[in-house]
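# this one's sequence-less:
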């Protein structure tokens, strides 16, 4: 249910286990690649290093395909991370792809739909079909009968149903209608706004593919000066630039204001603001809250049903975790299916695996978001100590390559945040901070 990135990745995984995989998508993504289901699709998206690893795992050779279509692969010093305007030490193993989500998604979709046992159905799922304590299919309204006045629904049988309907998933409502509990929904209101614009790219930054600027510990508590920004070199000889801000400091659509904010950011963004012409309009998006559905907290759950992508968790997009979360959840689904667990039983094994991934991403984003005075929680146990230690690690990562590598491994989702609590790393952080 859902044919965006998360649904496509799930379909790829399922193709190794199923006779037939049916992707049901309401929007005509094959034709225009925009769609109502993901209104932020035209914004700058990041594929973190672990997401790139997973993408190549499921689609061997896709990196070269994307490069052939104009995308750029940034490695080492071509991928730049700034904290409070200071460039962090480059990482030799760092790899990030510069490409629009439209290009990335179109190549993933083409590869998935080329599989012999995958079918795309244009239509809408209106409900689940149950047989006892398991889901055995969906109620499906096909293309051409989507008008409420003429809609005709048919039941589509399935051994496994995957919810990839995104943040606005109706799964909880459907479950409650049949006497099941909806997964508990946790929200953290962050009131973030971000805006994306494209610029014509020349030779102004020949050694830059990705540049990302984030506020450090000192400015993290000052929303009036918290202006994260990033740029990526993408297909079509363009730069894609995204700027973000909280509450009343959210960026708007005015191109002059957009350039003015770029000039207050780090050197690569200032360079593009001064030397490059804007291509098209500034597009804005309002992200009100991070949210996650805790399926593992349920006492009972029907068999034959799982959820992936934003249907499970959607976190602050500044940290670029969304696409990588979807890829890692697909891998968690693959690991679960390889155990041979009966599909008629609740997929607790999958939800436990996915929960580890989601909780790690949530910890990274929520710890940073809670530094903003307008973010009111919920605060995790021991937050003050976690935040203090995290600030010291972030400060040391600007100076020390060893700390930076450990820190960026967590940012890129190669390692769980608990890797930052290793005594040897904390001793190195203490040594760096005392020697300042």
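Received it, and whenever you're ready, just let me know what you need. In this text the structure is predicted, and so the values were computed from the model without any measurement. Numbers count the residues shown, from 1 in each chain.
# strands along the stretch 51-200 of the chain, start to end?
For the stretch 51-200 of the chain, the strands defined by DSSP state E, counting those that start in this stretch cover 72-75, 79-83, 86-87, 95-98, 118-131, 134-142, 153-157, 161-163, 185-200.
# could you export those strands as CSV, including distance to residue 267 and mean neighbour count?
Every residue, glycine included, has its C-beta placed from N, CA and C. Output for the strands of the stretch 51-200 of the chain, formatted as CSV (distance: least, CB to CB, whole Å; neighbours: other CB atoms under 10 Å):
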stretch, distance to residue 267, mean neighbour count
strand 72-75, 16, 18
strand 79-83, 8, 23
strand 86-87, 8, 14
strand 95-98, 18, 25
strand 118-131, 44, 18
strand 134-142, 51, 20
strand 153-157, 54, 13
strand 161-163, 43, 25
strand 185-200, 15, 19
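# and the ones you listed: which comes nearest residue 3?
Of all the strands of the stretch 51-200 of the chain, it is strand 118-131 that lies closest to residue 3, at 6.5 Å by CB to CB.
# what sits against residue 66?
By CB atoms under 8 Å, 6 or more residues apart in numbering, the contact list for residue 66 reads 97, 99, 103, 104, 107.
# can you check residue 130 too?
136, 178, 302.
# any idea how far it is from residue 164?
20 Å (CB to CB, to the nearest Å).
# try residue 188
Plainly put, residue 188 is 22 Å away from residue 164 if you go by CB to CB.
# in this structure, which spans are helices?
5-14, 29-32, 49-58, 62-68, 101-113, 171-177, 255-263, 267-275, 322-338, 348-369, 383-397, 401-411, 423-434 (DSSP state H).
# point out the other elements, helices or strands, that the last one touches.
Read that as helix 423-434. Contacts defined by 3 or more CB pairs under 8 Å, 6 or more residues apart in numbering; DSSP states H and E place helix 423-434 against helix 383-397, helix 401-411.
# so how far is the shortest one from its chain's centroid?
Relative to the mean C-alpha coordinate of its chain, helix 401-411 is positioned 20 Å out (CA atoms, centre = their mean, to the nearest Å).
# and what of the longest one?
Relative to the chain's own centre, helix 383-397 is displaced by 24 Å; criterion: CA atoms, centre = their mean.
# which strands and helices sit next to it?
So helix 383-397, by 3+ CB pairs under 8 Å, 6+ apart, packs with helix 348-369, helix 401-411, helix 423-434.
# likewise for the last one?
Counting contacts by 3+ CB pairs under 8 Å, 6+ apart, helix 401-411 is packed against helix 383-397, helix 423-434.
# so which helix or strand of this protein has the lowest pLDDT on average?
Among the helices and strands of the chain, helix 29-32 carries the lowest confidence by mean pLDDT, DSSP states H and E, at a mean of 51.
# I figured residue 351 hits residue 296, correct?
Yes: at 4.8 Å, residue 351 and residue 296 qualify as touching, with contact defined as CB atoms under 8 Å.
# more neighbours: the two, which one.
residue 351 (23 against 18; other CB atoms under 10 Å).
# give me the phi and psi for the residue lying closest to residue 314 once chain neighbours are set aside.
Spatial nearest neighbour of residue 314, excluding adjacent residues (CB to CB, 6 or more residues apart in numbering): residue 167 at 4.9 Å. Dihedral pair for residue 167: phi -60, psi -40, per degrees, to the nearest 10.
# centre-most residue in this structure?
In the chain, the centroid-proximal residue (CA atoms, centre = their mean) is residue 322; its distance is 0.6 Å.
# OK, contacts around that residue?
45, 310, 314, 315.
# let's have the residues you listed in a markdown table, adding neighbour count.
Converted to a markdown table, the contacts of residue 322 look like this (neighbours: other CB atoms under 10 Å):
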| residue | neighbour count |
| --- | --- |
| 45 | 25 |
| 310 | 26 |
| 314 | 20 |
| 315 | 26 |
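# which of those residues sits closest to residue 53?
Nearest to residue 53 among those is residue 45, at 16.7 Å by CB to CB.
# apart from its neighbours in sequence, what residue is nearest that closest one?
residue 101 (4.1 Å).
# neighbours of the one you found, how many?
23.
# does residue 302 touch residue 129 like I think?
No: in this structure residue 302 lies outside contact range of residue 129 using CB under 8 Å: 10.9 Å.
# what sits in contact with each of those two?
Counting by CB under 8 Å, 6+ apart, the residues touching both residue 302 and residue 129 are residue 135.
# so which of the helices and strands packed on helix 423-434 gets nearest residue 345?
Closest to residue 345 of the helices and strands packed on helix 423-434, according to CB to CB: helix 401-411, at 33.7 Å.
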